[in-house]
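[1] 3D model of this:
(3 chains)
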Amino acid sequence: MLKDIAFIFGTTFMYATPLLYGALGGVFSENSGVVNIGIEGMMTIGAFSGAASTFILLELYGNALWVPWAGFLIAGLAGCFLALLHAIACITFRADQVVSGIAINFLGPGLAMFLGGRIFGGSGTTPTIPLEAKLIRPFDTILKGKPLLGMMLNQYISVYIVFSLVGISWYILYKTKFGIRLRAVGEHPKAADTLGINVYQMRYIAVLISGFLSGLGGASLSMAIIANFRPTLVSGQGFIALAAMIFGKWKPQGAMWACLLFGVTTALQIYLGSPAVGLKISTHLLSMIPYIITLIVLMGFVGKSSGPAANGIPYEKGKR
Amino acid sequence: MDYLKSHIDLNELVIDMRKITKKFGDFVANDCIDLKVYKGEVHALLGENGAGKSTLMNILYGLYTPTNGEIYIKGKKVDIKNPNVAIHHGIGMVHQHFMLIKPFTVAENIILGIEPITSFYQLNMKKAIEDVEEISKKYGLYVDPRAKIEDISVSMQQRVEILKALYRGAEILILDEPTAVLTPQEIKELIQIMRNLTKQGKSILLITHKLKEIKEAADFCTIIRRGKKIDMVEVSKIDENQLAAMMVGREVNFKVHKEEKRPGKVILQIKELTVEDNRGISTVKDLNLTVQAGEVLGIAGVDGNGQTELIEAITGLRKAKSGQILIKDYDITNKTPREVFESGISNIPEDRQKHGLVLDFTVYENMILENFRKKPFSKKFKLQKENIINFSKKLIEEFDIRPKDENNLARSLSGGNQQKVIIAREVTNDPELLIAVQPTRGLDVGAIEFVHKSLVDQRNKNKAVLLVSFELDEIMSVSDRIAVIYEGKIVGIVDAKKTTENELGLMMAGGGYK
Amino acid sequence: MKQKIINETFLFTILAIVMGLLVGAVVIFISGYNPIEAYGLMIKGIFSKPKYIARTIIRATPLILTGLSVAFAFRTGLFNIGAEGQFIIGALTAALLGYFIQLPMILHVPIVFLGSVFIASLWGAMAGYMKAKFGVHEVIATIMLNWIALYTSNYIISLEKVKMPGSESSYDIQETARMSIDWFKGIVGASTKVNFGMVIAVLASILIYYILFKTTLGYELRAVGYNKDAAEYGGIHIKRNIIVSMSIAGALAGAAGAVHVMGVSYRASTLAAMEGYGFNGIAVSLIGNNSPFGVVLSSFLFGGITYGGANMQLLGIPTEVINIVIGSIVFFVAAYRIFQWITIFFNHEKPQKEDR
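    Numbering: from 1, shown residues only, chains lettered A, B, ... in the order given. Prediction:
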């Protein structure tokens, strides 16, 4: 029994993690007033770049301690690259933010699989990273020999990073000069402009942060949960992250709870499907659980929140 | 009333704008305009909607770059590239539509852009609140720094705007149409605030199209019309009629001509109506009101006293919590907008672009917004384009909508012509009751006259008209009876011919007889 | 005035397509291949044989329908990411009805087709209902419903009576439920599954144009799409319109699924991930400016690039370059102001602002 709970607990955090990176990315972008449905594409390119660059760095430099960290960072930067395109379209050229996001969702997987095919051959799957070059589990030695605690807490560093990022994001958004300006730009860009705040600059920064976090989210899949990139790896998690952000009312802590909800339903699904439990239910039906529960929760959660007032509206200086 | 005049110093010119020209494409918004403001002065900038006042002020505040011309501040030539430069030169601006961030607190709004911080880039909200308290004490502008903007009144929000400018060390304050949303009493307070500020050496640029305010508050007045400067005058040496003639370019008769008429039978009857807003607060409480055939009933009151919810409840857009709404004894309480419309109510909504028109539809498509399902505009499920076009052509001619082309998108029309499309559509329904909410907002004098005439025509045809406006002048000149709304209740009904602005103002502020 | 706007949009779309292909060329060049050769192969892959042309058309057919689905919803102010799931439901229903019912062809084909369209339209309407009744954003609702559709389909296909032993698919549908054009196969070969789907798709686009622009229903839906507040003031029932719009969108995407099963695959298969018909429909709709006829044209473009583009493999170029091209086209459609900016830059004129 205890073991089952520990299993569900640990699995919840594992599956919530990639979503939470993406959702936090969305929180930054959308609080500055730029809708980002391109999270999916940014996560995909991040997942690929993380796994691929780790593998290449391993070949070049051997199994150094810094290699997975470099891969993780490169994943974030790859997300940034797509985010930069999104920012140029949406902020400088006042594009329809949804359309630009769709373009990002084609470019992300397209680039990932094209580069994958070009570098490693085949259908865009990267070679598997050896276990020791994955992201580290910081408490591996401490938790050795403690199976229950281990099952719960012996997570990859990416899990601990993202949950501390929730607090950090909250601090940045609500307690710092940068954060108050970022939210001001998302609520009423013209007001911010009249006070000498550079709306375009704030939005660029926010969208780039969003891309960086989404890229890390992809890497948390390809460098921790599994150990390579494959075309079906992200498949829709960017959209779920987007839903979690909306469900979490555009706030870091809200997004966290929404991702945990999704994580726990996924964990339950895996738990119920495990042979140990012995339930005779089709895995196909079990796989639906997270989505159905999310929909039910959303329907029960009346009193829709509408997010930052200027979200999705391009800002044009000198227009009244 | 005896006001202290400002503390003007004619030896020191704080603003000197020379030959300012601003073009938008082929359109010349400002054509070689000069503007001079002295230290310690209240200087009025008078002009109709669309005359180019806001453009000129946006240039001074660095939001637009002038096509031509020079600006001197305190004798020094300056290049105001953006608001930061304006702020640096001591210019502060209070925009007509407040530039406040609603979910933020008063203090957060005031410090935004020059936030005090502690180590670690953390906002120092304690210092921010102290600063705000100190500055609000210094200028006698009391506000609660911890309150959220969305929770405070409009006049409080205006104070926040003024404090925002003062916090940045503004020496010159631009106030853009500051009285549009205030009660007469609040206007007096504002004028007093302006006096206090000039006493402390500040200069004020007051943008307005209200002549009375200029007479009461300003020292000098620059008049612009169609982008050109007409004159600069000393306010004490000129009367309101002269100002009006300079503003419009012809003699204006502000009185609306109405034939004598005795109101007929009751058309609209509202009994004990209670309506809640989106937050679940009852903003209309046990309200009673009747409107008769052949009268214009004006509802006077400050924005936010339940007008919006009242009208939404009548038109079926919002559910009434309790009470009854009858039109000619037919109960329309909580009917759908369509049923309400079919019962004989037409509506000229407050926000014409949001509620009155589909901007991306053509003019002819907009003309049938309520009637597209009826003959001759459609047959079964098929639209009859030819009939729609002919109908639209007729209305365009009749209501003089320009340009005279039904294929234009509504978006491309001027504000006045957009309003004409709505009025044409609604009046042609020949409704028993015509509701108009703020029907002249943002229109120029010609269009205002047209709107007022349309409302009175409807009354003269023995129909009922319900007018909601925040402009007392409009209410007083168009209405037969005036009902004052305060905190969701009608606190008094008076005869428009017998009442005074003072009496109405008192009631609007809640000091009326119950 | 109006004419000018249409032409401008068309011009920008053409420019976006050119730019998208250029980006693709640059990518191909950087990765060490000859872009002219590559695009040459692509064009050969589309036009060099009647078979290829036919296959491009077959490829374009479901895209027209899912593109119309997305475009129709866009016109009414809704973003239908759910075409994917509606497609799956349409395909599943067609596979079931096509296998289990025994009827002469003249009845079987219409019953299978209309049945699939009907069930998919209910599936679409669910998202509309959730938005109208509970305020759930249609983007989230349709994303969730996509996955639910996928697993529902997988589950039903896994049932003993449905699953063809030794495969990951359902049994093939009856001959009487297939809508292939047999006499055509003499020209393009038996393996090229020419079918009536294209006829259905083109008819659907005409029908959608008619509904949107000539009927009261279309007037209502467009009014809600442009400005739902004004529509509500005018007495239009917003919530009902949302449900109607999503059910029509669902019907169109479902038709795509039905056509695919009845004309090409003859069966529904277990899916590990989304196939992309719905997502590609979004791109098709956007490139086609959300107009019914634009969608037809952009589907051919899309079908051509994806089908002919696969030929680039002959040079060893990963076919995913196609997604880069399509993504770039959509990107430039979104950021069309880049072209305005370039024109202005070359004319040495200051940008004019349309405001005041």
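
[2] hey, let's count contacts and neighbours off CA atoms from now on
    Noted.

[3] just after the helix or strand where C:F300 lies, pick out the following helix or strand.
    In the assignment (DSSP states H and E), C:F300 maps to helix C:292-309. Downstream of helix C:292-309, the first helix or strand assigned by DSSP H and E is helix C:321-334.

[4] which elements pack onto that next one?
    When contacts are defined as 3 or more Cα pairs under 8 Å, 6 or more residues apart in numbering or on different chains; DSSP states H and E, helix C:321-334 sits against helix A:97-120, helix C:2-30, helix C:277-287, helix C:292-309.

[5] name the stretch among these that sits most buried.
    helix C:277-287 (a mean of 28; mean count of other Cα atoms under 10 Å in any protein chain shown).

[6] send the alpha carbons of that helix over as CSV?
    In CSV, the C-alpha atoms belonging to helix C:277-287 read as follows (Å, rounded to 0.1, in the frame of the first residue of the first chain):
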residue,chain,number,x,y,z
TYR,C,277,-4.6,15.7,-40.8
GLY,C,278,-6.2,18.1,-38.5
PHE,C,279,-3.1,20.0,-37.7
ASN,C,280,-2.2,20.3,-41.3
GLY,C,281,-5.7,21.5,-41.9
ILE,C,282,-4.9,24.5,-39.6
ALA,C,283,-1.9,25.4,-41.9
VAL,C,284,-4.0,24.8,-45.0
SER,C,285,-6.7,27.1,-43.6
LEU,C,286,-4.2,29.9,-42.7
ILE,C,287,-2.4,29.8,-46.0
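
[7] A:L143 contacts A:M152, doesn't it?
    No: counting by Cα atoms under 8 Å, A:L143 does not reach A:M152; the two are 10.0 Å apart.

[8] so between the two, which is more surrounded?
    Neighbour tally, A:L143 and A:M152, criterion other Cα atoms under 10 Å in any protein chain shown: the higher count belongs to A:M152, 20 against 16.

[9] now do that one, the pLDDT please.
    At A:M152, the model reports a pLDDT of 87.

[10] helices of the stretch 301-450 of chain B, start to end?
    For the stretch 301-450 of chain B, applying DSSP state H, counting those that start in this stretch gives helices covering B:307-315, B:337-342, B:363-367, B:385-398, B:415-428, B:445-460.

[11] outside of the fourth one, which residues touch it?
    Around helix B:385-398, the neighbours that count as contacts under Cα atoms under 8 Å, 6 or more residues apart in numbering or on different chains are B:363-365, B:367-368, B:376-377, B:402, B:404-406, B:421, B:424.

[12] from the chain's centre, how far out does that helix sit?
    Taking Cα atoms, centre = their mean, to the nearest Å, one finds helix B:385-398 lying 32 Å from the centre of the chain it belongs to.

[13] then the last one?
    Computed by Cα atoms, centre = their mean, the separation of helix B:445-460 from the middle of its chain amounts to 18 Å.

[14] what helices and strands are in contact with the helix or strand following that helix?
    Going down the chain from helix B:445-460, the next helix or strand is strand B:464-469, by DSSP H and E. Under the contact definition 3+ Cα pairs under 8 Å, 6+ apart, strand B:464-469 sits against strand B:282-292, strand B:296-300, strand B:433-437, helix B:445-460, helix B:472-478.

[15] ok, now with 6 Å
    Using 3 or more Cα pairs under 6 Å, 6 or more residues apart in numbering or on different chains; DSSP states H and E, the elements in contact with strand B:464-469 are strand B:296-300, strand B:433-437.

[16] would you mind saying which of the ones you listed lies nearest chain A?
    Among these, strand B:433-437 comes nearest to chain A, with 23.2 Å by Cα to the nearest Cα.

[17] since that was my last question, I'll sign off now.
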